[in-house]
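Peer 1: here's a sequence, model it:
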Amino acid sequence: MNINAPPPLVKLTRQRLLRDEYLAISALKDLPIELFPVMFEEAFTGGHTRILTAMIPVWPFPYLSVGMLIKNYNLETLKAMLEGLDILLAQKVCSSRCKLRVLNLRNAYPTLWGIWGGSYESKGLPEFMTQKQPVENSPDCEVKKELKVTTDLKLVEGGLDESATYLLQWAQQRKDSIHLCCTMLRIHGLPKAIFREIFKIVNTGCIQELHLSFLCTEELVFLNPYLRQMNNLLTLMLNSNRETFSMDDSIGLDEENMSRLISQLPTFHCLQNLYINNLFFLENNLKECLRCLGKPLETLGITSCDLSQSDLDYLPYCLNISELKRLNLTATSLYSLVLDPLGFLLESIRDTLQSLELESCSMKDSDISAILPALSQCSHLTKVNFYNNELSLPILKQLLHHTAKLSQLTYEVHPSPLECYDAMNIILTYRLENFCPELLDKRQPNQGQKAAQESHICYNPMLKLLWVLRL
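Peer 2: Have a look, this model is predicted:
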């Protein structure tokens, strides 16, 4: 007979406190600090706003992050936490228990459990809270204020949501004592008036991640002065599509004018990750686009774009991508291009490259042959993806033979060989099943045995069939 164990005494105590808000609030001054995180979590998810407000002024740690609790985030919850900060700011004599200095409203960490581990006085912040610091700091970001509130903002054509609007208004009224730090800014369409108001409150030097989507050329020009001030930017994502640019936008945007527009981009001295997706004007302008980098990148993603041969030829000679850890060219067609320059690039980054994604690049046997010698030298690779390219069985064998030499490789994605398709371009799964042992034989003995146990066939209704090999 199964007998359920009774809830622990601590859990019963928390449940009792949450049922009686007055009792919970009066008990906070004597509550063991180890119970604060779980008490905060349950009050947050349960909508106990009065308890949240009362916990902020007596929070016994320097840092409070809502983490994954953001899914329960709403305007009333935000108001409760900010009201707690108001109480804290109004105190002439702060509680000896309260140590709060940073309220993080970002969905950046999996939980808030780490916030109380160890002694903050002796060890500082836990590792999961620390982030790589930008090389250059904005002077305004160094201004010492009583409290710092960190958030992300998403700006769309309709404006901000009600929580973001309330937070900005609240911070504006308390700008002498509150430092509002926007770490990640997403712009999907650009309401210029709202954008200007935001940067009267949020300092551009705080932004470390910027996503720009569906902007017309006029809006890109408008953003340039602000981009020049983002001297701590670590990640830049540029995303558009051909339909975004109206006929009026495209007037006068010939190759020369587009090159001039790109050349107006400022130099990003700290940028580590650059993602470019579906920008129609990138072709023949890649050199100008990469010119804006002030230091070597760690990540370069060029996806769903068109590249010219001159763009590809330039890559091995660009010093700012000479130390790449991640290269992603997914859905960027390499058809009809000579891929020797890509091989030269791989050879130049063989000591740093960890991830290579060449999915849906229209690559054929000759293209793979051009990069194989360099690929086998990339000894730090942990991930390769050649999905949805047209490769024959012999070249796929060669590819596996070369990747077998990469001791740190843990994840591979390969297309089914062309020999698995019939005259109607329909996959014949029995052929693939017959080829798998032959392909796995290209592994070293210990690798082959493990791969044979873990390889599997995954069906994809859009792309017919994917053969995945996990080691």
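
Peer 1: which residues touch E359?
Peer 2: T330, A331, N385, F386, Y387, N388, N389, V413 (Cβ atoms under 8 Å, 6 or more residues apart in numbering). The C-beta positions use only the backbone N, C-alpha and C, and glycine is treated the same way.

Peer 1: need the pLDDT of the second one.
Peer 2: The pLDDT attached to A331 in the predicted structure is 96.

Peer 1: pretty sure it contacts L358?
Peer 2: No: using Cβ atoms under 8 Å, A331 is not in contact with L358, being 10.0 Å away.

Peer 1: between these two, point out the one with more neighbours.
Peer 2: Set side by side, A331 and L358 show more neighbours around L358, with 25 against 17, by other Cβ atoms under 10 Å.

Peer 1: ok, which stretches of the protein are strands?
Peer 2: 63-65, 102-104, 147-156, 178-188, 209-213, 235-239, 273-277, 299-303, 326-328, 355-357, 383-385, 411-415, 456-460, 464-470 (DSSP state E).

Peer 1: angle of the third one against strand 209-213?
Peer 2: Strand 147-156 runs at 10 degrees relative to strand 209-213, counting by axes from the mean of the first three to the mean of the last three Cα atoms, to 10 degrees.

Peer 1: mind listing what's buried in strand 147-156?
Peer 2: L147, K148, V149, T150, T151, D152, L153, L155, V156 (16 or more other Cβ atoms under 10 Å).

Peer 1: how near is the fifth one to H414?
Peer 2: If I follow you right, that is T151. 42 Å (Cβ to Cβ, to the nearest Å).

Peer 1: what's the answer for the third one, then?
Peer 2: When distances are taken as Cβ to Cβ, V149 and H414 turn out to be 47 Å apart.

Peer 1: same deal with the second one?
Peer 2: Look at K148 and H414: by Cβ to Cβ, they are 47 Å apart.

Peer 1: show me the shaky parts of the stretch 51-200 of the chain.
Peer 2: Along the stretch 51-200 of the chain, the model assigns pLDDT under 70 to residues 72, 92-95, 108-144.

Peer 1: could you do the stretch 351-471 of the chain as well?
Peer 2: 440-471.

Peer 1: again, only using 80
Peer 2: Low-confidence segments of the stretch 351-471 of the chain (pLDDT under 80): 429, 432-433, 435-471.

Peer 1: which stretches of it form helices?
Peer 2: Secondary structure of the stretch 351-471 of the chain (DSSP state H, counting those that start in this stretch): helices at 365-375, 393-403, 429-440, 445-454.

Peer 1: tabulate the ones you listed (CSV), appending mean neighbour count and distance to L69.
Peer 2: Shown next, in CSV, are the helices of the stretch 351-471 of the chain (neighbours: other Cβ atoms under 10 Å; distance: least, Cβ to Cβ, whole Å):
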stretch, mean neighbour count, distance to L69
helix 365-375, 18, 43
helix 393-403, 19, 41
helix 429-440, 15, 45
helix 445-454, 14, 36
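
Peer 1: reformat those as TSV; add distance to R101.
Peer 2: Shown next, in TSV, are the helices of the stretch 351-471 of the chain (distance: least, Cβ to Cβ, whole Å):
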stretch	distance to R101
helix 365-375	48
helix 393-403	48
helix 429-440	55
helix 445-454	47
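
Peer 1: and those helices: which comes nearest A43?
Peer 2: helix 445-454 (44.1 Å; Cβ to Cβ).

Peer 1: one step back: redo the buried residues of strand 147-156 as a markdown table? Include distance to L23.
Peer 2: Listed next are these as a markdown table, based on distance: Cβ to Cβ, whole Å:
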| residue | distance to L23 |
| --- | --- |
| L147 | 28 |
| K148 | 32 |
| V149 | 29 |
| T150 | 32 |
| T151 | 32 |
| D152 | 36 |
| L153 | 38 |
| L155 | 43 |
| V156 | 43 |
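
Peer 1: which pair in the residues you listed spans the largest distance?
Peer 2: Among those, L147 and V156 lie farthest apart (Cβ to Cβ), at 28.4 Å.

Peer 1: the residue nearest to R101 when sequence neighbours are not counted: neighbour count?
Peer 2: Of all residues not flanking R101 in the chain, P62 sits nearest, at 4.7 Å (Cβ to Cβ, 6 or more residues apart in numbering). Here the number of neighbours of P62 (other Cβ under 10 Å) works out to 16.

Peer 1: dihedrals phi and psi, P62?
Peer 2: Dihedral angles phi and psi of P62 (degrees, to the nearest 10) take the values phi -70, psi -20.
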